[in-house]
Each structure stands twice: as structure tokens, then as C-alpha cells.
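*Asks:* Structure here, sequence nowhere to be found:
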């Protein structure tokens, strides 16, 4: 028996005697000191692939047996490759190409048909198959394949183009026309229609071409197609037919969808036919019936026509020359008058002479502002921008536009100021020229020379459009190092991480942001952080954020937002949670003595209880509502002089009124201790009485201090008014001492001292 008939080799291999060697036993199973990672193994494998391998020796086949053996081995290799992955079309194409090289057309067709069973929508596979048939002059097979291809994939224009080309090369003109007609039934794009028309024109079939145009302008009713149709008739000498087509087009679009291009083409046609009156009528009709914003080119063409054939030509030239002379005088008088330069350049651009326009721009930008202050450069720098835009769009000289941008950037004193707009325009220009690296270098240079927030934002937007998110992260980090107080930057960075799906990084960014010592708008940042956690459905985290925020500020809007947040949660005790937040807020604002904010809170609480609460809870909130009283206070100027009195509204809360008797009792006890004078018990009871209504509050004793006022020196003005009235009506004799007024003044001083303590 031959060596091929030996037993299958075991995993460990065999010795020369055919015996299986003993497996080596590993005694030391501890990990090796030098560990090899999977990355290193892959790297070594890749490096060995790149080594130069000598080419296999050329094999010469001597007889048919060797040829059959070779073909069998190749087919087995191809079949193995296909068995591994049938979806790789390149393997099928290589297999079929090899079979074709061996002259086995039947096998070639078999391979292609098997490939089509795998992926019948692969356009390249159909093309290779049909090209193979055409190379071997199998016309009928190729025609059948084209029929199958256009039936299965009628929107693949390549098949139709190849099919018609093959029929035309075979000089099968009727067959080619039939294929075109089948194609046009699918109403393809404009180019196939034009190809069909050119085909008919090659064989001098003008009537057929005209019929195709008639269908074409209704399938694709664009203005340019009607103009093509009219120029087709004009080019073949059918003048009246061309005019008729233009008139049909005007009627087809009507007055609602008028297009200036159609009227310009119609007028130029009449101009070519020496019908200047007709052209003038067309221009006037269009200008009268179209919006002024839509007929700029139409008016320009009309002006040119009148300059050529009308009486206004000389007048227009005189006016144009006069305006140029005026602008020249203005710029000579003041070369730094950049507005005059703008108007002058715009006038020159209307002529369209490229050399004159460039010369005017060069004269304008040579007038550099003498001062290094930025506001002197703001108008000047737009001359450079307009120059670069003109070179790019109108002159189409990209290299010159690049030179203009670079010269402008070199001219600006970046150590004093810069123009972020110019940097960004230059970068966008390089992007349009597909010079991404140059744009990045320019923006990086701008950040190195003169970092600005606008430059950072523009650079980041550019990288986001290019989907370079790692660069975006780096730029955001540099931006935050440059200006850590900008809240919008933190928020945009976190939003980017959220969009990329990295929630942990976004949360870490928010945590870093709220821990910054200084921020320009911290309330927006906190709101964004809470909204972020709410969107992530992290209710506990959002609740904890509200509590952390309330440790820093007791603003009423934070409390209201917290209560609304608890109310929106979908759980059983959401009403109790929201009510608990309102109670905590009321307590905190009461301690902070913020009456306006407390009133706002109670009103929101009352609305909440009306919607979701019970009658008992509504009554409890109603008991907490304050009453409004009108008071007066002194106005003092900055120098301390008296400016009179002003009226204002104050709010008295029931909870604050309940605390008044204890405070008044303590004040009276200190007064007694100071004076060592025991007053009658009736007077003490009179002073300790508590007012419970607005009428009593208006007639309070003058000794009582207004503890609801914001200013400690403000007392109840109603008592002072009544006292003034008494003094005005009943004057006291000069020798009588007013004990009551003396006692009240002492009481006021003690009460003030008590408050200060």
C-alpha cells in the first residue's frame, strides 16, 4: 500500500515507525513568568503573513491525465471555498472565469446559475455572466440572460444600457428599439430618454425622436426638458415648431409656476430669429407676472438685450461710467471707507470682467487699518472674505482662493485679537476641497494662537460631521480647560456621550460640572442633569439630585419642580411624596422668611390639592394661606436723607401670627426688668392682646412693633397715622408730660435692642 493509504495521523503526529509517541507530561503547571497575550499572537501571525514568500514553481502539464488531475484539484479548491461561504460572489466569479478559461462553457453556465440562486440581485454577477456569453459569441444565450436580468431588476439601468448596446452592435435595429420601448414603459430617469432620442437621431428618425420628446416632457415636466425639445426642433430647422413648443411650455406652467429660465430661453430664441419686438414682449410679460425676487436673472437678461438692441444702451453705459467715477472719488478721498469699496466691488462684479474685479479687490485690501483695535478691522476683514468667496464661486480658481485665505490669516495680529469667522470659513473651504488634514491643521493653529469659544465650537461641529468622536472628546476636554465656567460646553459634551451610548461618562461629566467652583448658569446645568437622569429612568438618582440641589439653594422653583417630579412618577404613593415635598418646602421657606416665594409655593400646593387632594387636605392648605395688608415705609436716599414714604403690600401668615404672643411677652419681661417698675396688671393684659383680624391689625397700639416688616426700623404706620391725627386735633399744653408717649418710645427702643440681640 502507498503512503496515502496509511492510517489517519493522530493529533500528536507519528514517528518513522508509525507508532504514536507518548504525550509529554507537564509537571510544573504554574503560570509562566513571561505571559503572552492574544494581541501578541495575532501581531506575530500578521507579521509572518507580510513576509515575502517565494512564488510557487511553474507547473507544466504534459498529458491529459495530469490536466484532469489539475482540474480536479482546482475544482475541489473552489468548491471548498464556496462551501465555507456561499455569499462571497468573488469566489463564484473566479470559479466561473476559470472554467471559462478551460473552455468548459457548460460548467461555466452551471457555476453562474448556482451563484444566481444564491444572490439573484447582484448586478455585477449578471454582468459577468452575460459578458462571458458574449465573449464566446453565444448571442442567444446572452439575449436570454438580458431578458431575465431586466425582468428581475428593471430599475438597474446598466442592464438596459448593455442590452441595447449589444442589439445595436448586432445591427438589430428593430430589436434594439423594442428594448428601448420596454425600458421607457418603466419611466426611468432623464438620461435613458435622452439616450433613446440620440439612438433614433443616429438613424435619422426625426419623427420617432419627436414622439419620444412628446412623452419625455410629460414624464419629466422640467423646464430644461421643454427647452431641450424646443432646441431640438430649432437645430433641425423647424422654426415654427420650436416657437410652438415654447408657447406650449408657457401654457403648461401657467402663471402659478412661471420660471425665468423658460422665458429667458424663449426670448433668446426670438432674438436669434431677429424678432426683437417679440423678445421684448416676452421679457415684459414675464417681469409683469413674476415676483421680483424670482426674476433677477430675467431682469439682467432683459437689460443686456436692451443694451444690445434697444435705445437704452448708451444711457446705461453713461450711468455705469458715472457711478464708477463717483466711487473712485470716494475711495481717493478716504481709502479707509470700506463701505464705498464694497459698493465699488459690487458694481465691478456686475460687469463680469475677472481681471478688473481682481484688481479692484487688490486695491481694496491694500488699505490695512493703521490701528490694532479690533473694531477698526471688522469691516475690513469682510473684503478678504468676499474676495475669497468670489475666487471660489465665480472665478472657480481654488488655489487663488486658498492664497487669499492664508494671506488674510497672516495679516491679522493674532496676539491682540482674531476673527473666528475667517478661520472657520477657511477650514470649511478646505473641507470642500477634500483637504481634511489641512482644515484640521488650520483649526489647530487657530486654537494654539488665539483660543476662542467660537473656534472650539466650530472645530467640534466639523469633527462631529466627520464622525471623529474621539477627536471631539479631546476638543471638548481642551475647551473645558480653556473655559470651565461655560455650562453649555459641559452640557454639549454630556449630550455627545449620551448619543454615543456612554451613559457613565455622561454622568461623570455632569458630576464634574456641578462640582465646579464657578459656573455662569448653574441652574441650567442642574436641570439638564436631572432631565438626563429622568430620561435614563434613574428615579432615585434624580431624587437625590434634587436633594443635593436643595442643600445649596432653597429657591421656590426648585421645590415646585421637585414636587412636580414626584407627582409624575408612576407609583402608588406619589401623592404622598409630592405632599411631603410641599410640606418640607413650606417649612424651609418659613425659616428663610421669604414671603413672596412662600406665597407662590402655597398657591401651587393649593392647586395640587384641588386636583388630587381630599377636602381635608384642601382645608389644611387653605388655613396656611396668608392675608395681604398694606403698609408704609420710609425711603432713604444714598446720602441718608429722607425721601418720604412709600406704600407696599405685605403678607401675614397664620403660623407667624401664632408666634407673636410669646415674642411680645419676652419683650415686656425685659422691659420690666430694666425699669424695675411694676405696671398695673390691666395694662399688661392690654399689651399682650393678640389681633386676629385686619380691623384689629389696623388699630394696633403704637407700642407694638411690626415684626412682619422687612426692615427692623419699620413699625405699624396705622398707629403712627392715628397718633399724628390726635396730635393735630388735640394739642397738649406745654407743661403736661406725656407719660404714654415716653413709655412707648422706651418700649420701641427695647424691642429694637431685643431684635438686634
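*Replies:* Cool, the structure landed. Everything numeric in this text was worked out from a predicted model, so none of it was measured. Residues are numbered from 1 along each chain as shown.
*Asks:* after the helix or strand where residue 277 lies comes which helix or strand?
*Replies:* When secondary structure is defined using DSSP states H and E, the element that contains residue 277 is helix 276-289. Beyond helix 276-289 in the direction of the C-terminus, DSSP H and E gives the next helix or strand as helix 296-309.
*Asks:* ok, and for that next one, which residues are buried?
*Replies:* By neighbour count with 16 or more other CB atoms under 10 Å, helix 296-309 contains the buried residues 298, 301, 302, 303, 305, 306. For the C-beta atoms, the positions are set from N, CA and C on the backbone; glycine is no exception.
*Asks:* separation between the last one and residue 393?
*Replies:* Okay, so that is residue 306. Shown here: residue 306 relative to residue 393, a distance of 27 Å by CB to CB, to the nearest Å.
*Asks:* For the helix or strand harbouring residue 464, what does the pLDDT average out to?
*Replies:* Element membership of residue 464, judged by DSSP H and E, is helix 453-465. Along helix 453-465, the predicted local confidence has a mean pLDDT of 74.
*Asks:* Tell me the helices and strands packed up against it.
*Replies:* In terms of contacts (3 or more CB pairs under 8 Å, 6 or more residues apart in numbering; DSSP states H and E), helix 453-465 is packed against helix 420-432, helix 436-449, helix 469-482, helix 487-499.
*Asks:* Tell me which of those helices sits nearest to residue 214.
*Replies:* Proximity to residue 214 (CB to CB) singles out helix 420-432 among the helices and strands packed on helix 453-465, at 40.9 Å.
*Asks:* Please list the outside residues in contact with that closest one.
*Replies:* Contacts to helix 420-432, defined as CB atoms under 8 Å, 6 or more residues apart in numbering, come from residues 381, 384-385, 388, 392, 401-402, 405-406, 408-409, 412, 436, 438-440, 442-443, 446, 452, 454-455, 458-459, 462.
*Asks:* residues touching residue 326, list them.
*Replies:* By CB under 8 Å, 6+ apart, no residues touch residue 326.
*Asks:* how near is it to residue 466?
*Replies:* If you go by CB to CB, the gap between residue 326 and residue 466 works out to 48 Å.
*Asks:* Ok, residue 482 next?
*Replies:* When CB to CB is applied, the distance between residue 482 and residue 466 equals 22 Å.
*Asks:* cool, and residue 670?
*Replies:* Taken as CB to CB, the spacing of residue 670 relative to residue 466 amounts to 77 Å.
*Asks:* And for residue 474?
*Replies:* With distances defined as CB to CB, the gap from residue 474 to residue 466 amounts to 14 Å.
*Asks:* And for residue 58?
*Replies:* Summarising the geometry, the distance separating residue 58 from residue 466, computed by CB to CB, is 49 Å.
*Asks:* swap in residue 204?
*Replies:* Distance of residue 204 to residue 466, computed by CB to CB: 53 Å.
*Asks:* Then residue 128?
*Replies:* Between residue 128 and residue 466 the distance, using CB to CB, works out to 36 Å.
*Asks:* residue ranges of the helices in the stretch 101-250 of the chain, please?
*Replies:* For the stretch 101-250 of the chain, the helices defined by DSSP state H, counting those that start in this stretch occupy 105-118, 123-135, 139-152, 157-169, 173-184, 190-202, 206-219, 223-235, 239-253.
*Asks:* Quick one: those helices as CSV, columns for distance to residue 355 and mean neighbour count too.
*Replies:* Compiled in CSV, the helices of the stretch 101-250 of the chain are given as follows (distance: least, CB to CB, whole Å; neighbours: other CB atoms under 10 Å):
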stretch, distance to residue 355, mean neighbour count
helix 105-118, 61, 17
helix 123-135, 50, 18
helix 139-152, 54, 17
helix 157-169, 44, 19
helix 173-184, 49, 17
helix 190-202, 38, 17
helix 206-219, 42, 16
helix 223-235, 32, 19
helix 239-253, 37, 16
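*Asks:* Just tell me which of those helices ends up closest to residue 488.
*Replies:* In terms of CB to CB, the element of these nearest to residue 488 is helix 223-235, at 46.0 Å.
*Asks:* And the pLDDT at the nearest residue to residue 187 once chain neighbours are set aside?
*Replies:* Leaving aside its chain neighbours, residue 187 sits nearest to residue 219 (5.2 Å; criterion: CB to CB, 6 or more residues apart in numbering). What the model reports as pLDDT for residue 219 is 91.
*Asks:* Distance from the chain centre to the host helix or strand of residue 408, please.
*Replies:* For residue 408, the enclosing helix or strand under DSSP H and E is helix 398-411. Using CA atoms, centre = their mean, to the nearest Å, the mean C-alpha position of helix 398-411 is found 29 Å from that of the whole chain.
*Asks:* Same question for stretch 175-182.
*Replies:* Using CA atoms, centre = their mean, we find the averaged C-alpha position of stretch 175-182 to lie 49 Å away from the chain's own average C-alpha position.
*Asks:* do stretch 57-73 as well
*Replies:* Remark: stretch 57-73 is offset 64 Å from the chain centroid, using CA atoms, centre = their mean.
*Asks:* Now do it: distance from first to last residue.
*Replies:* Between the opening and closing residues of stretch 57-73 we find a distance of 17 Å, counting by CA to CA, to the nearest Å.
*Asks:* So that it lines up with my notes, have the first residue be 497 from now on.
*Replies:* All right, first residue 497 from here; so that's stretch 553-569.
*Asks:* Give me every residue in contact with that stretch, excluding its own residues.
*Replies:* In this structure, residues lying in contact with stretch 553-569 by CB under 8 Å, 6+ apart are residue 598.
*Asks:* Could you do stretch 613-623 as well?
*Replies:* Identification of contacts with stretch 613-623 by CB under 8 Å, 6+ apart yields 582-583, 585, 588-589, 608, 611-612, 641, 645, 648-649, 652, 654-655, 658.
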